[in-house]
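Visitor: here is a sequence together with a model predicted from it:
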4 protein chains.
Amino acid sequence: MIKICAIGAGRAGLVHVRNFVESVPQAKLVAVVDANREAADKAARDYKIERVYADYRQALAEGGFDGVVITTPTFTHAEIAIAAAKAGVHVLCEKPMALSLEECDQMIAAAQASRVVFQLGFMRRFDSAFRNAKQRILAGEIGKVMLVKSTGRGPGLPPRWACDIKKSNGMLAEVNSHDFDSVRWLSGSEYRRVYAEADAFKCSDLKLEFPDFYDNALVSCRMHSGALAVIDGACPADYGYDARVEILGSEGVMLIGELPHEAVSVCKKGTGIVRSTFPSWRDRFRQGYVEEDRHFVNCIQEGKPPEVTAQDGKLALQAVIAANRSIVEGRPIEIPSPD
Amino acid sequence: MIKICAIGAGRAGLVHVRNFVESVPQAKLVAVVDANREAADKAARDYKIERVYADYRQALAEGGFDGVVITTPTFTHAEIAIAAAKAGVHVLCEKPMALSLEECDQMIAAAQASRVVFQLGFMRRFDSAFRNAKQRILAGEIGKVMLVKSTGRGPGLPPRWACDIKKSNGMLAEVNSHDFDSVRWLSGSEYRRVYAEADAFKCSDLKLEFPDFYDNALVSCRMHSGALAVIDGACPADYGYDARVEILGSEGVMLIGELPHEAVSVCKKGTGIVRSTFPSWRDRFRQGYVEEDRHFVNCIQEGKPPEVTAQDGKLALQAVIAANRSIVEGRPIEIPSPD
Amino acid sequence: MIKICAIGAGRAGLVHVRNFVESVPQAKLVAVVDANREAADKAARDYKIERVYADYRQALAEGGFDGVVITTPTFTHAEIAIAAAKAGVHVLCEKPMALSLEECDQMIAAAQASRVVFQLGFMRRFDSAFRNAKQRILAGEIGKVMLVKSTGRGPGLPPRWACDIKKSNGMLAEVNSHDFDSVRWLSGSEYRRVYAEADAFKCSDLKLEFPDFYDNALVSCRMHSGALAVIDGACPADYGYDARVEILGSEGVMLIGELPHEAVSVCKKGTGIVRSTFPSWRDRFRQGYVEEDRHFVNCIQEGKPPEVTAQDGKLALQAVIAANRSIVEGRPIEIPSPD
Amino acid sequence: MIKICAIGAGRAGLVHVRNFVESVPQAKLVAVVDANREAADKAARDYKIERVYADYRQALAEGGFDGVVITTPTFTHAEIAIAAAKAGVHVLCEKPMALSLEECDQMIAAAQASRVVFQLGFMRRFDSAFRNAKQRILAGEIGKVMLVKSTGRGPGLPPRWACDIKKSNGMLAEVNSHDFDSVRWLSGSEYRRVYAEADAFKCSDLKLEFPDFYDNALVSCRMHSGALAVIDGACPADYGYDARVEILGSEGVMLIGELPHEAVSVCKKGTGIVRSTFPSWRDRFRQGYVEEDRHFVNCIQEGKPPEVTAQDGKLALQAVIAANRSIVEGRPIEIPSPD
């Protein structure tokens, strides 16, 4: 039985908490941490978790678990992940990986030094539709990838600290990290150049306080393979959670994901035919998160490297940072080859 | 140039009037007839038709046209069609063909005696989706037809005279004639037995005056090939016009038609994803009616038999009449083999 | 912790076995039984189940569990369920409930006498789309239910013993029990009359040995509320598992379920746009089975009656039996009011 | 009766020829011109057109028509349109309008001097889905437009002369003119800045001869309203003709167009569910072309300005030219405000 400590009991944290309690039979969630002690206590009560902490350092000091799942604010990821790795504890870290490439490098080094599993939380990689698509692309079903279009829109507004682009890398990091990862993964290639346009259409008042703030962005990408890509993000998208990807290959086109959610259509006089959307990423990727958490436990059990690594986290962040720079500088930004 | 006289300037009549004026270059609409003289006058004004009549007999007496399209109430079809045929005028007759099989036989005999074209107005036969489906069934794409399910629902209520089942054969004739034809056509087989259930759910007040009245019906059919079929009709279906057919074959399933109309989806907070329906059969089968009218003119020009004949009208009516009898008698009704 | 014994380790059995092991944290699967000892052994190995039996009587005699899930062939349900109830063990029984209404009555009596939970395995009741639909119908969203159309087709052929209609009640019981339950549940009304047509189109050779055998059926139903309903079943439907329901209400129409499965479309030259179907009921109703099993455990824990009862199993079977009689007698069969 | 002369009897030319003959009752097609005399002769035979020319100048000299529809290669548009205007003949000019903004200005000046109708052939403006979408955007249904995504892919390869970007402005002009127009029209705003990436993935051999050639392009746009936009084009897209637009507004999202064509789905073992695509723009926009041609005739009859003007043609071309420059210079290109 693999023992897990959840660091973070916010929205994403509770998704993992519930999974480890209900749907990962090889794991036992033994501790929960949140700087907001009340949130940690509530999670502990709701899910009958024995140990509760407000400070992750105390949890690590007391030990008694094999892995942590880190869902705290981005600016805390590096510190926590490095501390966990140094304590010999395996790490499942939510996206975005960190704030800077330097932090990423330090996290990677710490995990390598301790030989712990370091898995990045790109749950799309465990969603059955995305996996099915990736396998079929690899099998050559649509030929050579020429264009990837990835849309990521979410109904919620990011937390206040994330409005300061300098402190958070903004929406492209907080919401569209997944798209930056999907483009790399599905094209099978790395970012060579990005050009981005962005603006604050929905929350223009936030621009007064945070002049760099944007809530809509369009990122045009060129990959090393030559493939083109475009990422569009918007937040808050009141109409629902919307994650769709289109891949144009030399032999055909592939569409992943759909706007409709529940397989129920209702049509009445004057309403037209109505389908519901996904209220949240929690609904769209429910099973993806379960499989992600099972994979983490499985990697710990079998001592094997995870399918989504710290390097994946770093390379997505690199493109995010370049896109933010492109927004500021108004020109395409070249990205050095990974080596 | 083939000259046409439109007998009937009601809803269906105007569809044909417009087609002959705007979209059938080989035809010229030279006359319009309606017992409601105002309706005839308005059609003549709107479409610049030279001759106008309140009485079809006068139009036939004056002549000067090659064909008529008959869209008057069902109970007048036989009389008009027979008179037209006797005058040597070709006939395009809207569905249902007539009120009784005897009338059908007289119409067939009159057309044969005069060697005029007699085309029945089952416009689905000219819709590209239905034609595509029929061709693929014929080509064996889904194997042997095992089951046909045909849904026909319309937003409008039939005219008052049609509420008396004895005078109109009811909704199964007025609305679902098309389904009775589709089942025959797509299964490639004739009706052997029908069993029907029906009720007045939407207009239950009409039952007081017309005890046999129904506005929902479900007809279970067995074809001579052995194939099963089911027709369901409802009227008024406030949500839109709805014509869908599903065919289960030994090698696969085929779906014809869709609920959504315009290829525009809109999704807003709280509304879900919304598509519009077809407001009317006029919208769903617009091009089908054009092709039907072109086919009629083409058959006249080339002296060839139409793809949809009086016999098709009669065999659909035969099943409608049997279904109505099944409703009354509460038992399956056998239908004699056509020979 | 609720202890469960799985009686039956066939296809349906393994679905429940896996659920109780992986996804029902309040339960522990302590024993597995299968007359085919090899199948039981394999399940025990794969899922690390401690106790294994070839004979359910031995398992019941040794006890040590709170509930059983029965997935054995239909003709064994009554005997096993009654024995379990008498042993004070809660019962989750797969559909169809039993072979005869007499068996159902005995099962109900035994469960009542022992005050055990008796839950019937209509997993659609726990599927989120079906639940969403039911709630919205109850809330009056589509008005009064006028028509329910339920399609149930499966890719697999039922086991050989089920080919003898007298011993199994045939495909309508083995495959379409779910549809018979859905019609009752969604219409909120009981069966008053059924008329059925059926034939053996796909496996006509089986008719030589089993003259009553059919692999396609169409059942026309009238409910006590007046609502119409139609159930169509086919097996094997090579193209995939297909469970769709359409409900026409006085205020609108509702569609539950869809043919496509994975949210991946691929379009290439000459292929058209291609979506995959559900390979099996296991894929379509994966989460429904999980919720069903969780509900069973929850009812045991809280001593509350299940949402799907033995009575539901009996009333579905009653309509199945009437439909089979209608096929033989060629006439509608009236069903007495439940009271 | 408005008399029309068709200048150009190629693929697009024949679409208009057929429309004017079959579906525009107020018009009569009296002449056809094509430098390829055989093509002109064939069109004349097939559609019974009285006058045939190889040289448009001769047709104009002889006169006898009110308007021309110009579907010749782009580099001939300006010369022909100006000559027609000078002859007092109304002009319906296919896209792209011309090769340079200077040509556009001369065409506009000529039309204004002669007070003839000058309509640009952006048929999407007459498609019912696009019109419905535009009206709903104008009505505020999705709030303020934040992002427009327009996809235009065609199965055919442009003609050889169009492979030289300098002579044709390339695929962005020949194929994606429509997208450049749609973005303007649907956003209700003009181009401020474009950034483009492009490559030759499908026909890389053509790069040997035409170094600037590309067959895939991605154009990122910023509009004067602030709205973002992205256009992606690919050619040849073997899988079918694909024109879809997505508009994200502050209050919701709107999708125009769909990949599937005929409303027939077929699902067989091993094939999945299959829908067909649009083989060509001729199929997708059949009715749009008819309405476009009717509109042209109507504008001539009523002396009113067309809904799609030469200015629309010029402003689309301006963005195309800027995008081509961006590809070459590797930087975003600012577009001066229209005044």
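Guide: Yes, it's here.

Visitor: surely residue A:177 meets residue A:96?
Guide: Yes. Counting by Cβ atoms under 8 Å, residue A:96 is a contact partner of residue A:177 at 4.5 Å. Placement of C-beta: from N, CA and C, glycine included.

Visitor: where do the contact lists of these two overlap?
Guide: A:316, A:317, A:320 (Cβ atoms under 8 Å, 6 or more residues apart in numbering or on different chains).

Visitor: which bits of chain A sit near chain B?
Guide: A:238-240, A:259-260, A:265, A:267-269, A:271-277 (Cβ under 8 Å from any Cβ of the partner chain).

Visitor: redo that, cut-off 10 Å
Guide: A:155, A:236-240, A:242, A:258-262, A:264-277 (Cβ under 10 Å from any Cβ of the partner chain).

Visitor: could you dump the shared contacts of residue A:177 and residue A:96 to JSON lines with distance to residue B:247?
Guide: Converted to JSON lines, these look like this (distance: Cβ to Cβ, whole Å):
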{"residue": "A:316", "distance to residue B:247": "48"}
{"residue": "A:317", "distance to residue B:247": "53"}
{"residue": "A:320", "distance to residue B:247": "51"}
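
Visitor: just put those in JSON lines and tack on neighbour count, pLDDT and secondary structure.
Guide: Listed next are the shared contacts of residue A:177 and residue A:96 as JSON lines, based on neighbours: other Cβ atoms under 10 Å in any protein chain shown; pLDDT from 0 to 100; DSSP: H, G, I helix; E, B strand; the rest coil:
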{"residue": "A:316", "neighbour count": "29", "pLDDT": "98", "secondary structure": "helix"}
{"residue": "A:317", "neighbour count": "26", "pLDDT": "98", "secondary structure": "helix"}
{"residue": "A:320", "neighbour count": "28", "pLDDT": "98", "secondary structure": "helix"}
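
Visitor: out of those, who's nearest chain C?
Guide: residue A:316 (22.3 Å; Cβ to the nearest Cβ).

Visitor: now that closest one, nearest residue through space, not along the chain?
Guide: Once flanking residues are discounted, residue A:316 sits nearest to residue A:180: 4.1 Å by Cβ to Cβ, 6 or more residues apart in numbering or on different chains.

Visitor: doesn't the one you found fall inside a strand?
Guide: No. The assignment for residue A:180, made by DSSP: H, G, I helix; E, B strand; the rest coil, is helix rather than a strand.

Visitor: how much space is there between it and residue A:229?
Guide: Distance of residue A:180 to residue A:229, computed by Cβ to Cβ, to the nearest Å: 9 Å.

Visitor: element containing the residue most central in space within chain A?
Guide: Per Cα atoms, centre = their mean, the C-alpha nearest to the average position across chain A is that of residue A:95, at 3.8 Å. Taking DSSP states H and E as the definition, residue A:95 sits outside all helices and strands.

Visitor: residue contacts, it?
Guide: Residues counted as contacts of residue A:95 (Cβ atoms under 10 Å, 6 or more residues apart in numbering or on different chains) are A:12, A:74, A:77, A:120-123, A:173-178, A:180-181, A:308, A:312-313, A:316-317, A:320.

Visitor: tell me the spacing between the most far-flung residue of chain A relative to its centre and residue B:239.
Guide: Relative to the centre of chain A, the most outlying C-alpha is that of residue A:269, 41.0 Å out, by Cα atoms, centre = their mean. From residue A:269 across to residue B:239, the span is 5 Å (Cβ to Cβ).

Visitor: which of the residues of chain A next to chain B are buried, as a PyMOL select command?
Guide: In PyMOL, this line selects whichever of the residues of chain A next to chain B come out buried by 16 or more other Cβ atoms under 10 Å in any protein chain shown:
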select buried, chain A and resi 155+236+237+238+239+240+242+258+259+260+261+262+264+265+266+267+268+271+272+273+274+275+276+277
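
Visitor: which among the residues of chain A next to chain B are in contact with chain C?
Guide: Applying Cβ under 10 Å from any Cβ to these, those adjacent to chain C are A:258, A:260-262, A:264-271, A:273-276.

Visitor: now, among the residues you listed, which is nearest to chain C?
Guide: residue A:268 (3.3 Å).

Visitor: now that closest one, which residues is it bridged with?
Guide: Following DSSP bridges, residue A:268 is listed with bridge partners residue A:272, residue C:252.

Visitor: now swap in the one 10 residues further on and tell me
Guide: In this entry, residue A:278 is beta-bridged to residue A:241, by DSSP bridges.

Visitor: touching, it and residue B:267? I think so.
Guide: No. Contact between residue A:278 and residue B:267 fails when scored by Cβ atoms under 10 Å: they sit 11.1 Å apart.

Visitor: give me the common contacts of the two.
Guide: A:240, A:242, A:259, A:260.

Visitor: the ones next to chain C among the residues of chain A next to chain B: which two are farthest apart?
Guide: A:258 and A:269 (26.1 Å; Cβ to Cβ).

Visitor: now, the contacts of residue A:95 that are in strands?
Guide: If you go by DSSP state E, these have residue A:120 in strands.

Visitor: in the helix or strand harbouring residue A:325, what counts as buried?
Guide: Counting by DSSP H and E, the element that carries residue A:325 is helix A:310-329. Buried residues in helix A:310-329, counted by 16+ other Cβ under 10 Å: A:310, A:312-324, A:326-327.

Visitor: distance of residue A:195 relative to residue A:226?
Guide: On the measure of Cβ to Cβ, residue A:195 and residue A:226 end up 16 Å apart.

Visitor: comparing those two, which residue is more hemmed in?
Guide: residue A:195 (27 against 18; other Cβ atoms under 10 Å in any protein chain shown).

Visitor: the stretch 101-250 of chain A: strands as residue ranges?
Guide: Using DSSP state E, counting those that start in this stretch, the strands assigned to the stretch 101-250 of chain A run over residues A:118-120, A:145-153, A:191-199, A:216-223, A:228-234, A:242-249.

Visitor: how about those in a markdown table, adding distance to residue D:16 and mean pLDDT?
Guide: Shown next, in a markdown table, are those (distance: least, Cβ to Cβ, whole Å; pLDDT from 0 to 100):
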| stretch | distance to residue D:16 | mean pLDDT |
| --- | --- | --- |
| strand A:118-120 | 56 | 98 |
| strand A:145-153 | 32 | 98 |
| strand A:191-199 | 38 | 98 |
| strand A:216-223 | 36 | 98 |
| strand A:228-234 | 34 | 98 |
| strand A:242-249 | 30 | 98 |
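
Visitor: how far does stretch A:202-221 stretch from start to finish?
Guide: 25 Å (Cα to Cα, to the nearest Å).

Visitor: before we move on, what about stretch A:183-199?
Guide: Terminal residues of stretch A:183-199 lie 22 Å apart, using Cα to Cα.

Visitor: before we move on, back to that, wait, the residue nearest to residue A:316 touches residue A:324, no?
Guide: No. Between residue A:180 and residue A:324 there is no contact under Cβ under 10 Å: 11.5 Å.

Visitor: what about residue A:215, how many neighbours?
Guide: For residue A:215, using other Cβ under 10 Å, the count is 26.

Visitor: contacts only, for it.
Guide: A:157-158, A:163, A:170-171, A:175, A:198-204, A:206-207, A:233-237, D:146, D:250.

Visitor: what about 6 Å?
Guide: If you count contacts by Cβ atoms under 6 Å, 6 or more residues apart in numbering or on different chains, residue A:215 has them with A:200, A:202, A:203, A:235.

Visitor: of all these, which two lie farthest apart?
Guide: A:200 and A:235 (10.6 Å).

Visitor: please name the nearest non-neighbouring residue to the residue farthest from the centre of chain A.
Guide: residue B:238 is the one closest to residue A:269 (Cβ to Cβ, 6+ apart), at 3.6 Å.

Visitor: from residue B:152, how far out is the one you found?
Guide: For residue B:238, the distance to residue B:152 - Cβ to Cβ - is 15 Å.

Visitor: one step back: can you give me phi and psi for the residue nearest to the centre of chain A?
Guide: Main-chain torsions, residue A:95, degrees, to the nearest 10: phi -80, psi 160.

Visitor: that one and residue A:256, how far apart?
Guide: 18 Å.
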